[in-house]
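Undergrad: Build me a structure from this.
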Amino acid sequence: MSNKIITKQKSNKTTKVKLLGITIYKKTKKPDLEKIYIIGIPFYAKKKRQSSEKEYFLGIRISKSLNKDILLEEIKKIKILVDVKISKLEKKINCQNLHAKTFTKYKNIFQKKELVIVGAGPSLSNYIPLNNKIHIGVNRVYQYDKINFDFLFLQDFNASKNYIDDFLKYKCPKFLGVLEDVNISIPEYYYNQPKVEKYFTQYPFSGFSTDISNNPLGDYASVIFPALNFAVYTHPKKIYLVGCDCNLNGYWNGQPMKIQKDILANCLEHNKRGWSDFKKFINYHYPDIEIISINPVGLKGLFKDVYTQEYLNEHPEIDRNKVSILEES
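TA: Have a look, this model is predicted:
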């Protein structure tokens, strides 16, 4: 991204004006077509076809016979689109300013090392921590006292308000997500605590970015995805997935999921899409990073699967001769 606040690029047919690296004005001019875009919205267009000429303002053809009611309805739609565009632009600028400070120092920091992403699924109870690995946890897994966590992620205040104060006492760097949904957003007070840093996610949109110092982190209705996006940004040689069960069977501590079943089902479908997108993302951008699922449940067959002896003892239906067994260190 350029250090200049406003930059201008001009070629034979196109003029672009950028604010902090984001295109806010674009003009394209050809012999029979002229278009002007403002923050991605088609503001003005002129089309010439032989003897005729048509002009459009905000996507609406300019005509003396234009019905006023239709015009007002179209303007309302455009206003909504403009509001969304401005909101995304504002978020993009805020994200760039924040993430440059938060994440730049972590780029490629764990090359040649191995990371473990720890979710809260029931299979976590069968995991004996691997030595000399970086452990990244989400939500209440900090309570799993067999693991010394190196980083923690949390972003849903509604689900964590009963333990967030205890969470913040854990002695490692903690990342708290900034969400736009007022029902789950974390109060500003908590971002000012020691060893806490903010981050933005794609919510309510989806996707992953290779450069989280300039872009929001992936979000598919679960904090596990920002943790994953952070993990690949540090570029380890392996990432182990633990407790990432991707199902509705509750948590490692025996507690059930307390959200309404229909909401949980929708979230699960979004989660599954997230894991599928993550696999495509990792295969394309980071083919050198190996992903290993430990005691897979909902993710079985998606990445390389391995099982712990304890998990196999509790699941005799799994044929030991047909699976890989984790060499615990």
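Undergrad: And Leu268, how far from Asp262?
TA: As defined by CB to CB, to the nearest Å, Leu268 lies at a distance of 11 Å from Asp262. (Each C-beta comes from the backbone N, C-alpha and C, glycine too.)
Undergrad: same for the one helix or strand Pro42 maps to, what does it pack against?
TA: Using DSSP states H and E, Pro42 sits in strand 41-49. Applying 3 or more CB pairs under 8 Å, 6 or more residues apart in numbering; DSSP states H and E, we find strand 41-49 packed against strand 33-38, strand 52-57, helix 68-102.
Undergrad: partners of the second one, with directions?
TA: On the basis of DSSP bridges, the sheet neighbours of strand 52-57 come out as strand 41-49 (antiparallel), strand 60-61 (antiparallel).
Undergrad: Redo those strands as a markdown table? Include mean pLDDT.
TA: Formatted as a markdown table, the strands paired with strand 52-57 follow (pLDDT from 0 to 100):
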| stretch | mean pLDDT |
| --- | --- |
| strand 41-49 | 78 |
| strand 60-61 | 68 |
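Undergrad: closest to His315 out of those?
TA: strand 41-49 (54.8 Å; CB to CB).
Undergrad: Got phi/psi on Glu290?
TA: The phi/psi pair for Glu290 (degrees, to the nearest 10) reads phi -90, psi 130.
Undergrad: what's the host helix or strand of Val116 in contact with?
TA: Following DSSP H and E, the helix or strand that holds Val116 is strand 114-118. By CB atoms under 8 Å, 6 or more residues apart in numbering, the residues outside strand 114-118 that reach it are 124, 127, 129-130, 132-138, 141, 144, 147, 149, 224, 227-228, 231, 234, 236-244.
Undergrad: In helices only, show me these.
TA: Of the contacts of strand 114-118, the ones assigned to helices by DSSP state H are 224, 227-228, 231.
Undergrad: got a markdown table for the residues you listed, with pLDDT, distance to Thr104 and neighbour count too?
TA: Formatted as a markdown table, the ones in helices among the contacts of strand 114-118 follow (pLDDT from 0 to 100; distance: CB to CB, whole Å; neighbours: other CB atoms under 10 Å):
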| residue | pLDDT | distance to Thr104 | neighbour count |
| --- | --- | --- | --- |
| Ile224 | 96 | 23 | 29 |
| Ala227 | 97 | 18 | 26 |
| Leu228 | 97 | 19 | 29 |
| Ala231 | 98 | 16 | 21 |
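Undergrad: picking that back up, comparing the strands paired with strand 52-57, which comes out most buried?
TA: Comparing those by mean neighbour count (mean count of other CB atoms under 10 Å), strand 41-49 ranks first with a mean of 15.
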